[in-house]
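Engineer: let's see this in three dimensions:
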Amino acid sequence: MKMRISLSILPLCLLFGGGLTKEVQADPYEDFYRLSQKTTPLKLNDATYTSLTAAPRNYSVAVLLTALEARFGCQLCQEFQPEWDLLGRSWIRGDKAGDSRLLFGTLDFANGRDVFVSLGLQTAPVLLLFQPTIGPHAVTSPEPIRYDFTTGNPAAEQVQSWLSRQLPNRPHPAVKRPINWIRWASAVTVVLGVGTALASASSFVLPIIQNRNIWASISLISILLFTSGHMFNHIRKVPYIVGDGHGGVSYIAGGFQSQLGLETQIVAAIYGVLSFCAITLAVKVPRMADSKSQQVAVVVWSVILFLVYSFLLSVFRIKNGGYPFSLPPFM
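Structural biologist: Below is the predicted model of the structure:
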(Lines give C-alpha, C1' and ligand atoms only; values in the text may rest on other atoms or scores of the structure.)
Protein backbone atom coordinates (compact mmCIF):
# COMPACT_ATOMS: atom_id res chain seq x y z
CA MET A 1 0.00 0.00 0.00
CA LYS A 2 2.76 2.40 0.92
CA MET A 3 4.64 1.52 -2.25
CA ARG A 4 1.59 2.36 -4.40
CA ILE A 5 1.12 5.76 -2.71
CA SER A 6 4.75 6.62 -3.25
CA LEU A 7 4.58 5.67 -6.89
CA SER A 8 1.38 7.65 -7.37
CA ILE A 9 2.84 10.94 -6.07
CA LEU A 10 6.21 10.51 -7.81
CA PRO A 11 5.05 12.21 -11.06
CA LEU A 12 3.74 15.14 -9.05
CA CYS A 13 7.09 15.49 -7.25
CA LEU A 14 8.95 15.34 -10.52
CA LEU A 15 6.59 17.88 -12.04
CA PHE A 16 6.86 20.41 -9.25
CA GLY A 17 10.52 19.65 -8.67
CA GLY A 18 11.25 20.30 -12.32
CA GLY A 19 9.30 23.57 -12.10
CA LEU A 20 11.33 24.71 -9.10
CA THR A 21 14.57 23.84 -10.84
CA LYS A 22 13.60 25.86 -13.88
CA GLU A 23 12.63 28.79 -11.64
CA VAL A 24 16.02 28.78 -9.94
CA GLN A 25 17.82 28.48 -13.26
CA ALA A 26 15.74 31.32 -14.68
CA ASP A 27 17.17 33.77 -12.10
CA PRO A 28 20.95 33.28 -11.87
CA TYR A 29 21.27 36.70 -10.23
CA GLU A 30 20.89 35.20 -6.77
CA ASP A 31 23.84 32.84 -7.33
CA PHE A 32 26.09 35.58 -8.65
CA TYR A 33 24.99 37.93 -5.89
CA ARG A 34 25.92 35.40 -3.21
CA LEU A 35 29.36 35.11 -4.79
CA SER A 36 29.63 38.92 -4.84
CA GLN A 37 29.05 38.99 -1.10
CA LYS A 38 32.27 36.98 -0.69
CA THR A 39 34.43 38.67 -3.32
CA THR A 40 33.68 41.61 -5.55
CA PRO A 41 34.24 42.45 -8.32
CA LEU A 42 33.88 38.87 -9.54
CA LYS A 43 36.97 37.45 -11.21
CA LEU A 44 35.78 36.23 -14.60
CA ASN A 45 37.02 34.03 -17.41
CA ASP A 46 35.60 33.30 -20.86
CA ALA A 47 32.95 30.93 -19.54
CA THR A 48 31.79 32.95 -16.55
CA TYR A 49 31.73 36.15 -18.61
CA THR A 50 29.45 34.49 -21.14
CA SER A 51 27.21 33.08 -18.41
CA LEU A 52 27.05 36.40 -16.53
CA THR A 53 26.20 38.53 -19.58
CA ALA A 54 23.96 36.02 -21.35
CA ALA A 55 20.44 37.09 -22.28
CA PRO A 56 17.76 37.00 -21.09
CA ARG A 57 18.81 38.63 -17.81
CA ASN A 58 16.84 40.63 -15.26
CA TYR A 59 19.87 42.32 -13.72
CA SER A 60 22.64 44.70 -14.75
CA VAL A 61 26.31 43.81 -15.10
CA ALA A 62 29.28 46.18 -15.08
CA VAL A 63 32.33 44.38 -16.47
CA LEU A 64 35.84 45.79 -16.63
CA LEU A 65 37.95 44.25 -19.37
CA THR A 66 41.55 44.91 -18.47
CA ALA A 67 45.14 43.75 -18.99
CA LEU A 68 47.02 43.80 -15.71
CA GLU A 69 50.09 41.75 -16.61
CA ALA A 70 53.30 43.74 -16.85
CA ARG A 71 54.07 42.41 -20.34
CA PHE A 72 51.13 44.37 -21.76
CA GLY A 73 52.40 47.67 -20.32
CA CYS A 74 48.90 49.01 -19.62
CA GLN A 75 49.58 51.75 -17.08
CA LEU A 76 45.96 52.94 -17.05
CA CYS A 77 44.85 49.39 -16.24
CA GLN A 78 47.16 49.32 -13.22
CA GLU A 79 46.06 52.76 -12.04
CA PHE A 80 42.31 52.20 -12.41
CA GLN A 81 42.12 48.72 -10.91
CA PRO A 82 42.22 49.89 -7.23
CA GLU A 83 39.46 52.42 -7.95
CA TRP A 84 37.36 49.75 -9.64
CA ASP A 85 37.80 47.32 -6.74
CA LEU A 86 36.89 50.09 -4.27
CA LEU A 87 33.73 50.94 -6.25
CA GLY A 88 32.62 47.32 -6.37
CA ARG A 89 33.14 46.76 -2.64
CA SER A 90 31.43 50.03 -1.70
CA TRP A 91 28.42 49.29 -3.91
CA ILE A 92 27.89 45.76 -2.61
CA ARG A 93 28.29 46.82 1.02
CA GLY A 94 25.89 49.71 0.55
CA ASP A 95 23.30 47.52 -1.22
CA LYS A 96 23.18 44.48 1.07
CA ALA A 97 19.65 43.60 -0.05
CA GLY A 98 20.66 43.64 -3.72
CA ASP A 99 17.88 46.05 -4.66
CA SER A 100 20.00 47.73 -7.36
CA ARG A 101 20.44 44.34 -9.09
CA LEU A 102 23.88 45.34 -10.30
CA LEU A 103 26.85 42.97 -10.40
CA PHE A 104 30.51 43.88 -10.84
CA GLY A 105 33.01 41.75 -12.70
CA THR A 106 36.61 41.93 -13.91
CA LEU A 107 37.87 40.03 -16.94
CA ASP A 108 41.63 40.09 -17.42
CA PHE A 109 43.03 39.47 -20.89
CA ALA A 110 45.01 36.51 -19.58
CA ASN A 111 41.74 34.77 -18.60
CA GLY A 112 39.47 36.06 -21.36
CA ARG A 113 41.41 36.11 -24.61
CA ASP A 114 38.45 34.72 -26.57
CA VAL A 115 36.12 37.44 -25.26
CA PHE A 116 38.59 40.18 -26.23
CA VAL A 117 38.87 38.70 -29.73
CA SER A 118 35.10 38.32 -30.12
CA LEU A 119 34.55 41.94 -29.10
CA GLY A 120 37.35 43.16 -31.38
CA LEU A 121 39.11 45.01 -28.57
CA GLN A 122 42.53 46.45 -29.32
CA THR A 123 42.96 48.56 -26.17
CA ALA A 124 42.30 48.30 -22.47
CA PRO A 125 40.76 49.05 -20.06
CA VAL A 126 37.20 48.84 -21.34
CA LEU A 127 34.20 49.19 -19.03
CA LEU A 128 30.90 47.76 -20.31
CA LEU A 129 27.51 48.07 -18.64
CA PHE A 130 24.97 45.41 -19.65
CA GLN A 131 21.40 46.47 -18.97
CA PRO A 132 18.53 44.03 -18.18
CA THR A 133 16.70 42.54 -21.14
CA ILE A 134 13.68 41.42 -19.09
CA GLY A 135 12.01 42.59 -15.90
CA PRO A 136 10.97 46.03 -14.63
CA HIS A 137 14.27 47.68 -15.59
CA ALA A 138 14.57 46.16 -19.06
CA VAL A 139 15.80 48.30 -21.94
CA THR A 140 15.05 48.05 -25.62
CA SER A 141 18.65 47.65 -26.80
CA PRO A 142 20.65 44.65 -25.58
CA GLU A 143 23.94 46.28 -26.55
CA PRO A 144 26.19 47.24 -23.61
CA ILE A 145 27.00 50.85 -22.77
CA ARG A 146 30.71 51.72 -22.87
CA TYR A 147 32.43 54.07 -20.46
CA ASP A 148 34.78 56.65 -21.95
CA PHE A 149 38.37 56.50 -20.61
CA THR A 150 39.69 59.26 -22.90
CA THR A 151 39.95 61.72 -19.99
CA GLY A 152 42.50 59.56 -18.17
CA ASN A 153 42.29 57.59 -14.95
CA PRO A 154 38.85 58.28 -13.38
CA ALA A 155 38.20 58.15 -9.67
CA ALA A 156 35.75 55.65 -8.23
CA GLU A 157 33.34 58.51 -7.54
CA GLN A 158 33.25 59.45 -11.24
CA VAL A 159 32.38 55.93 -12.35
CA GLN A 160 29.79 55.67 -9.56
CA SER A 161 28.16 58.86 -10.85
CA TRP A 162 28.14 57.45 -14.40
CA LEU A 163 26.55 54.19 -13.23
CA SER A 164 23.95 56.11 -11.25
CA ARG A 165 22.90 58.01 -14.38
CA GLN A 166 22.58 54.78 -16.34
CA LEU A 167 20.58 53.02 -13.60
CA PRO A 168 17.68 55.33 -12.64
CA ASN A 169 15.09 54.46 -10.00
CA ARG A 170 17.48 52.19 -8.12
CA PRO A 171 19.70 52.50 -5.04
CA HIS A 172 23.06 54.15 -5.77
CA PRO A 173 25.42 53.42 -2.86
CA ALA A 174 28.15 56.00 -2.39
CA VAL A 175 31.85 55.23 -2.53
CA LYS A 176 33.34 54.82 0.94
CA ARG A 177 37.10 55.08 0.99
CA PRO A 178 39.01 53.40 3.80
CA ILE A 179 40.68 55.59 6.37
CA ASN A 180 44.21 56.46 5.32
CA TRP A 181 45.97 55.91 8.63
CA ILE A 182 49.37 56.80 7.17
CA ARG A 183 48.10 60.19 6.04
CA TRP A 184 46.47 60.82 9.41
CA ALA A 185 49.64 59.80 11.24
CA SER A 186 51.74 62.04 8.99
CA ALA A 187 49.39 64.99 9.52
CA VAL A 188 49.40 64.54 13.30
CA THR A 189 53.18 64.24 13.30
CA VAL A 190 53.55 67.42 11.25
CA VAL A 191 51.13 69.34 13.47
CA LEU A 192 52.88 68.19 16.64
CA GLY A 193 56.27 69.01 15.13
CA VAL A 194 55.20 72.50 14.08
CA GLY A 195 53.57 73.08 17.47
CA THR A 196 56.71 71.96 19.29
CA ALA A 197 58.90 74.18 17.12
CA LEU A 198 56.64 77.19 17.71
CA ALA A 199 56.56 76.56 21.45
CA SER A 200 60.34 76.29 21.56
CA ALA A 201 60.87 79.40 19.46
CA SER A 202 58.04 81.42 20.98
CA SER A 203 60.45 83.67 22.87
CA PHE A 204 61.98 84.66 19.51
CA VAL A 205 58.90 84.51 17.28
CA LEU A 206 56.37 86.36 19.46
CA PRO A 207 58.28 89.67 19.51
CA ILE A 208 58.37 89.58 15.71
CA ILE A 209 54.68 88.71 15.38
CA GLN A 210 53.69 91.37 17.90
CA ASN A 211 55.87 94.08 16.37
CA ARG A 212 53.61 96.91 15.24
CA ASN A 213 56.14 98.31 12.78
CA ILE A 214 56.36 95.02 10.90
CA TRP A 215 52.59 94.79 10.55
CA ALA A 216 52.41 98.44 9.52
CA SER A 217 55.05 97.82 6.82
CA ILE A 218 53.23 94.75 5.50
CA SER A 219 49.93 96.65 5.41
CA LEU A 220 51.50 99.65 3.68
CA ILE A 221 53.22 97.54 1.02
CA SER A 222 49.97 95.65 0.35
CA ILE A 223 48.02 98.89 0.00
CA LEU A 224 50.59 100.33 -2.40
CA LEU A 225 50.54 97.18 -4.57
CA PHE A 226 46.77 97.08 -4.89
CA THR A 227 46.21 100.82 -5.35
CA SER A 228 48.86 100.96 -8.07
CA GLY A 229 47.05 98.35 -10.19
CA HIS A 230 48.88 95.12 -9.40
CA MET A 231 45.69 93.01 -9.48
CA PHE A 232 44.56 94.76 -12.68
CA ASN A 233 47.71 93.49 -14.39
CA HIS A 234 47.11 89.90 -13.26
CA ILE A 235 43.47 89.91 -14.31
CA ARG A 236 43.93 91.61 -17.71
CA LYS A 237 47.36 90.08 -18.50
CA VAL A 238 48.65 93.45 -19.69
CA PRO A 239 52.01 93.85 -21.51
CA TYR A 240 55.01 95.17 -19.62
CA ILE A 241 55.84 97.93 -22.16
CA VAL A 242 54.69 98.85 -25.68
CA GLY A 243 56.10 100.86 -28.57
CA ASP A 244 55.10 104.47 -29.09
CA GLY A 245 54.91 104.13 -32.90
CA HIS A 246 58.04 106.24 -33.45
CA GLY A 247 60.70 103.70 -32.58
CA GLY A 248 60.55 104.46 -28.87
CA VAL A 249 58.91 102.92 -25.83
CA SER A 250 55.74 103.99 -24.00
CA TYR A 251 55.91 103.67 -20.24
CA ILE A 252 52.43 105.06 -19.53
CA ALA A 253 49.32 103.82 -21.36
CA GLY A 254 46.76 106.46 -22.22
CA GLY A 255 43.25 106.15 -20.82
CA PHE A 256 41.97 104.89 -17.49
CA GLN A 257 40.90 101.52 -18.94
CA SER A 258 44.41 100.48 -20.02
CA GLN A 259 47.66 99.98 -18.15
CA LEU A 260 51.21 98.65 -18.56
CA GLY A 261 53.26 96.51 -16.24
CA LEU A 262 56.07 99.06 -15.97
CA GLU A 263 53.51 101.80 -15.37
CA THR A 264 52.30 99.96 -12.28
CA GLN A 265 55.82 99.81 -10.90
CA ILE A 266 56.34 103.55 -11.57
CA VAL A 267 53.10 104.49 -9.83
CA ALA A 268 53.88 102.16 -6.91
CA ALA A 269 57.31 103.76 -6.51
CA ILE A 270 55.76 107.26 -6.51
CA TYR A 271 53.19 106.23 -3.90
CA GLY A 272 55.96 104.62 -1.84
CA VAL A 273 58.09 107.82 -1.84
CA LEU A 274 55.06 109.95 -0.95
CA SER A 275 54.15 107.59 1.90
CA PHE A 276 57.72 107.61 3.21
CA CYS A 277 57.79 111.42 3.14
CA ALA A 278 54.50 111.68 5.01
CA ILE A 279 55.54 109.10 7.62
CA THR A 280 58.90 110.79 8.15
CA LEU A 281 57.35 114.23 8.59
CA ALA A 282 54.69 112.89 10.96
CA VAL A 283 56.76 110.45 13.03
CA LYS A 284 60.52 110.86 12.66
CA VAL A 285 61.02 114.61 12.37
CA PRO A 286 59.11 115.53 15.58
CA ARG A 287 61.40 113.22 17.55
CA MET A 288 64.59 115.00 16.44
CA ALA A 289 66.27 116.73 19.41
CA ASP A 290 68.25 119.33 17.42
CA SER A 291 65.93 122.14 16.30
CA LYS A 292 68.14 123.18 13.35
CA SER A 293 68.37 119.62 12.07
CA GLN A 294 64.62 119.38 12.50
CA GLN A 295 64.04 122.50 10.41
CA VAL A 296 66.34 121.25 7.67
CA ALA A 297 64.60 117.86 7.64
CA VAL A 298 61.19 119.54 7.37
CA VAL A 299 62.33 121.60 4.38
CA VAL A 300 64.05 118.70 2.61
CA TRP A 301 61.21 116.22 3.02
CA SER A 302 58.62 118.85 2.14
CA VAL A 303 60.45 119.68 -1.09
CA ILE A 304 60.72 115.98 -2.00
CA LEU A 305 57.02 115.52 -1.24
CA PHE A 306 56.14 118.53 -3.42
CA LEU A 307 58.26 117.42 -6.39
CA VAL A 308 57.10 113.81 -6.34
CA TYR A 309 53.48 114.86 -6.04
CA SER A 310 53.97 117.22 -8.98
CA PHE A 311 55.34 114.32 -11.02
CA LEU A 312 52.35 112.16 -10.00
CA LEU A 313 49.94 114.82 -11.31
CA SER A 314 51.82 114.84 -14.61
CA VAL A 315 51.33 111.08 -14.87
CA PHE A 316 47.61 111.60 -14.35
CA ARG A 317 47.60 114.09 -17.26
CA ILE A 318 49.34 111.53 -19.48
CA LYS A 319 46.60 109.03 -18.64
CA ASN A 320 43.90 111.61 -19.31
CA GLY A 321 44.67 114.77 -21.26
CA GLY A 322 41.70 116.55 -19.68
CA TYR A 323 43.02 116.24 -16.12
CA PRO A 324 42.89 119.86 -14.82
CA PHE A 325 45.38 119.84 -11.92
CA SER A 326 49.14 120.43 -12.02
CA LEU A 327 52.03 121.70 -9.95
CA PRO A 328 55.43 123.04 -10.94
CA PRO A 329 57.94 121.99 -12.10
CA PHE A 330 56.09 119.14 -13.93
CA MET A 331 53.42 121.27 -15.59
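Engineer: okay, now Asp99: neighbour count?
Structural biologist: When neighbours are counted by other CB atoms under 10 Å, Asp99 registers 9. Placement of C-beta: from N, CA and C, glycine included.
Engineer: flag every buried residue along the helix ranked longest in the chain.
Structural biologist: Secondary structure of the chain per DSSP state H: the longest helix is helix 291-319. By neighbour count on 16 or more other CB atoms under 10 Å, the buried set for helix 291-319 is 297, 301, 304-305, 307-309, 311-312, 314-315, 317, 319.
Engineer: which residues in this structure form strands?
Structural biologist: Remark: strands assigned in the chain by DSSP state E are 42-44, 60-66, 102-108, 126-130, 145-146, 242-243, 249-250.
Engineer: would you list those in TSV and tack on distance to Val283?
Structural biologist: What follows is the strands of the chain, written out as TSV (distance: least, CB to CB, whole Å):
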stretch	distance to Val283
strand 42-44	78
strand 60-66	71
strand 102-108	73
strand 126-130	70
strand 145-146	73
strand 242-243	40
strand 249-250	38
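Engineer: those strands: which one's closest to Ser90?
Structural biologist: With CB to CB as the measure, strand 102-108 is the member of these nearest Ser90 (10.2 Å).
Engineer: just the helices from the stretch 201-331 of the chain, written as ranges.
Structural biologist: With DSSP state H, counting those that start in this stretch as the criterion, the stretch 201-331 of the chain has helices at 202-209, 212-227, 230-236, 261-279, 291-319.
Engineer: so which of these is nearest Ser326?
Structural biologist: Shortest distance between Ser326 and those, using CB to CB, is found for helix 291-319: 5.3 Å.
Engineer: tell me what that closest one is packed against?
Structural biologist: Counting contacts by 3 or more CB pairs under 8 Å, 6 or more residues apart in numbering; DSSP states H and E, helix 291-319 packs against helix 261-279.
Engineer: returning to that earlier point: Throw the strands of the chain into CSV and include mean pLDDT, mean neighbour count and distance to Ala201, thanks.
Structural biologist: Shown next, in CSV, are the strands of the chain (pLDDT from 0 to 100; neighbours: other CB atoms under 10 Å; distance: least, CB to CB, whole Å):
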stretch, mean pLDDT, mean neighbour count, distance to Ala201
strand 42-44, 94, 19, 56
strand 60-66, 95, 24, 52
strand 102-108, 95, 24, 53
strand 126-130, 95, 20, 53
strand 145-146, 94, 13, 59
strand 242-243, 84, 12, 49
strand 249-250, 83, 14, 49
